[in-house]
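Task: produce atomic coordinates for the following.
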Amino acid sequence: MNVRRYLEMGLTVVVFLLFLTGISMAKVTGVCSNCHTMHNSQGGSVMAFDGSGPYRALTRGDCIGCHGNTS
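Here you go, the predicted model:
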């Protein structure tokens, strides 16, 4: 194969990947506090105690709960 064919194939792959990433982005709407806590507290109690984050405890549910249209 010649150089032009490789360039065409590479460009096709790049364009395909750009369209694929646009489709796979999460489309979440609504109030942030429905899924996330603010300032590491919820109901007056601290949610996370250790580590440097990200803190799984700062979300009120799992990924499916907020991103799966199950509410």
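
Mean pLDDT per helix and strand in the chain: which one sits at the bottom?
Least confident helix or strand, the chain: strand 41-42 with a mean of 63, by mean pLDDT, DSSP states H and E.

low-scoring stretches of this protein, by residue?
Scanning the chain for pLDDT under 70 picks out the ranges 1, 21-28, 38-57, 61-71.

mind running it again at 90?
Under the criterion pLDDT under 90, the flagged ranges of the chain are 1-2, 15-71.

Next, the buried residues of the longest helix along it.
Using DSSP state H to define each element, the chain has its longest helix at helix 3-24. By neighbour count with 16 or more other Cβ atoms under 10 Å, helix 3-24 contains no buried residues. Every residue, glycine included, has its C-beta placed from N, CA and C.

how about the nearest residue to His36, chain neighbours excluded?
Nearest residue to His36 in three dimensions, chain neighbours excluded: Thr59, at 5.8 Å (Cβ to Cβ, 6 or more residues apart in numbering).

could you measure the one you found against Leu11, distance?
39 Å (Cβ to Cβ, to the nearest Å).

Equivalent analysis for Ser33, please.
For Ser33 relative to Leu11 (Cβ to Cβ), the value is 44 Å.

next one: Phe19
In terms of Cβ to Cβ, Phe19 sits 13 Å off from Leu11.

got it, and Val31?
42 Å.

do the same with Asn2
With Cβ to Cβ as the criterion, Asn2 and Leu11 are 15 Å apart.
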